[in-house]
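Enquirer: Need coordinates for the following:
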Amino acid sequence: MVSDGLSHYLSIHLLGSAMKRKSDLDMEMTESKRCDLDEKRLLNSFQELRKSLSHDFPKFKVTKFLDTIQDECQSQVEDNDCSQPITFDELKIIHSPKLKNDAQFCIQKMSNLSNDEFEAITGLQNIDSFWLLFKLLDCDNMCPGMMYVHFDGVGETNVSRSSLYGKRGLVRTVLFEDELLLLLLKLRLNLKDEDLALRFSLSTVIVKSLVYTWISFIHNCLLVKKKLPQWPPRNKVDAQMPKQFREDVEMRYLRALLLEVEILGEKDPRSVYEMEPFTFSVLQTSTVWSVYVGITPNGAANLISPLSQGSAKQSLPKVVLELIHSKLTKDDIIVGPQITTDVIKTYEKLDVDYIVCPKSVRTREMMLIRQLATKYLKRLMAFKCLSCLPYELHSVAEKVVSVTVLLTNFNTPLLERD
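Expert: Residues are numbered from 1 along each chain as shown. Okay, the predicted model is just below:
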């Protein structure tokens with residue numbers, strides 16, 4: 001009898017323990033589902049809040065974001081009619097995602113910089129220009145579905161954003177605007193991937209992927225789809241003509257300046273060690289591309305030619321003429337480098353004056369034109385990636401140069417109209 005009673009007691013005790021463990025497991029699963037639900041609500045609310053703000057200057061303040069989420073979460077708790085409703089403070093303890101990037105560099109921290117400081121590291125004159133670029137790219141709608149180029153050591157594949165970052169927290173803390181900022185730092189300062197990885201608290205593999213992906217994304221969005229930069233018609237050029245040219249009888253029909261720019265590219269680092277060390281030359285270890293960049297009389301880029309190397313660059317003037325042939329009008333003035341006689345004759349047939357700006361000429365008009373060209377080159381070459389394009393970016397050199405030239409248009413005109 002004692003044995004039967006003990007056995008009965010143990011059975012009830014074990015059954016109770018099993019039911020308690022099952023209850024605990026059910027509570028944990030419910031808690032996990034609630035965390036996942038809260039995370040989705042937080043991210044969705046963040047996106048909705050961003051869209052509701054002004055796109056001209058969408059600064060985000062975490063305090064306002066938290067207030068919005070608190071109202072929504074409290075509303076959700078009331079709708080569920082729980083006997084013991086969870087307060088928002090308790091909810092933050094259960095699941096507290098990071099709402100801002102804790103890395104050394106992120107757009108939130110860059111917003112506090114002066115205009116000069118912001119331009120020094122990004123190439124854009126201020127934070128307003130940054131958000132203008134962000135809006136023009138339509139990042140809020142285009143970026144969520146963007147596929148990222150991933151390098152796995154064998155080749156490259158396209159992966160989703162969550163697959164690229166791997167860690168769940170990185171997807172939430174690294175915003176799309178931070179990825180754009182990373183690319184701007186790469187183009188402006190020509191920083192090594194290892195340097196950017198330390199600044200943004202990322203791996204070098206992710207940094208490399210972001211640079212390739214965003215270069216292709218901007219190029220496809222602005223140059224392929226939006227056909228930028230555009231060669232403006234004669235009336236728009238006249239409307240923005242600087243006073244110095246507008247009041248000049250000879251230069252009031254100035255349409256564009258053509259600048260031939262040589263881009264230096266880093267050679268394969270492995271080949272450097274195969275060269276003679278006692279007669280080493282940087283030029284021997286480099287690749288050189290030539291590109292024609294057209295600018296309007298107020299200093300805005302309006303033309304980017306294809307890149308060419310070696311003897312192929314001799315045909316660039318003809319390529320440029322083919323690009324602008326149908327857009328030229330009678331009496332237009334084009335100022336550019338020395339070109340062949342047959343190309344000049346083609347301009348003459350179009351009743352267009354092609355003027356070569358020699359160094360020896362010191363007339364007021366030519367000095368002003370040289371000053372404009374020098375200012376633009378200073379602005380363009382401030383993007384250090386063009387001084388020595390990293391070897392790993394040679395495969396997208398055309399896109400890098402085109403995007404960099406286009407970024408110069410997000411600054412103020414070099415010569416004002418009045």
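
Enquirer: And stretch 206-214, how far out from the chain middle?
Expert: In terms of Cα atoms, centre = their mean, to the nearest Å, the centre of stretch 206-214 is found 10 Å from the chain centre.

Enquirer: Not counting its own residues, what contacts it?
Expert: Under the criterion Cβ atoms under 8 Å, 6 or more residues apart in numbering, residues 146-151, 156, 164-165, 179-180, 182-183, 186, 193, 196-197, 200, 202, 392-393, 396 lie in contact with stretch 206-214. For every residue, glycine as well, the C-beta is placed using N, CA and C.

Enquirer: for stretch 379-397, same thing?
Expert: Residues outside stretch 379-397 that contact it (Cβ under 8 Å, 6+ apart): 123, 186-190, 208, 211-212, 215-216, 261, 263-269, 286-287, 289, 293, 299, 307, 400-401, 404-405, 407-408, 411, 414.

Enquirer: average pLDDT across stretch 307-322?
Expert: Per-residue pLDDT values over stretch 307-322 give a mean of 90.

Enquirer: same check, this time on stretch 182-190
Expert: On average, stretch 182-190 scores 98.

Enquirer: Domain-wise, how is the chain divided?
Expert: Here the domain assignment for the chain is 107-225, 234-410, based on automatic domain parsing.

Enquirer: what's the closest of those domains to Asp418?
Expert: Of all these, it is domain 234-410 that lies closest to Asp418, at 5.8 Å by Cβ to Cβ.

Enquirer: That closest one: end-to-end distance?
Expert: The first residue of domain 234-410 is 22 Å away from its last residue (Cα to Cα, to the nearest Å).

Enquirer: Would you pull up how far that domain lies from the middle of the chain?
Expert: In terms of Cα atoms, centre = their mean, the centre of domain 234-410 is found 23 Å from the chain centre.

Enquirer: Now tabulate the domains of the chain in TSV and tack on distance to Asp418.
Expert: Formatted as TSV, the domains of the chain follow (distance: least, Cβ to Cβ, whole Å):
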stretch	distance to Asp418
domain 107-225	20
domain 234-410	6
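
Enquirer: could I get those as a markdown table with mean neighbour count?
Expert: Formatted as a markdown table, those follow (neighbours: other Cβ atoms under 10 Å):
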| stretch | mean neighbour count |
| --- | --- |
| domain 107-225 | 17 |
| domain 234-410 | 16 |
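
Enquirer: Take the contacts of stretch 206-214 and keep only those in helices.
Expert: Here DSSP state H is the test, and those give 164-165, 179-180, 182-183, 186, 193, 196-197, 200 as lying in helices.

Enquirer: tell me the two of those residues that are most distant?
Expert: Maximum distance among the ones in helices among the contacts of stretch 206-214 (Cβ to Cβ): 18.3 Å, for Tyr165 and Lys186.

Enquirer: Which of the three states applies to Ile263?
Expert: strand (DSSP: H, G, I helix; E, B strand; the rest coil).

Enquirer: Starting from Trp231, give me the distance back to the closest residue to it other than its chain neighbours.
Expert: Distances taken as Cβ to Cβ, 6 or more residues apart in numbering put Trp289 closest to Ile263, at 4.5 Å, once the chain neighbours are dropped. Applying Cβ to Cβ, to the nearest Å, the value for Trp289 to Trp231 is 22 Å.

Enquirer: do Tyr292 as well
Expert: Counting by Cβ to Cβ, the separation of Tyr292 from Trp231 is 13 Å.

Enquirer: Between the two, which contacts overlap?
Expert: Both Tyr292 and Trp231 are in contact with Leu303, where contact means Cβ under 8 Å, 6+ apart.

Enquirer: If you average the pLDDT over stretch 128-136, what comes out?
Expert: The average pLDDT for stretch 128-136 rounds to 96.

Enquirer: Secondary structure element holding Thr404?
Expert: Here Thr404, judged by DSSP states H and E, is contained in helix 397-407.

Enquirer: Which residue comes closest to Pro358 once chain neighbours are left out?
Expert: Met366 (7.8 Å).
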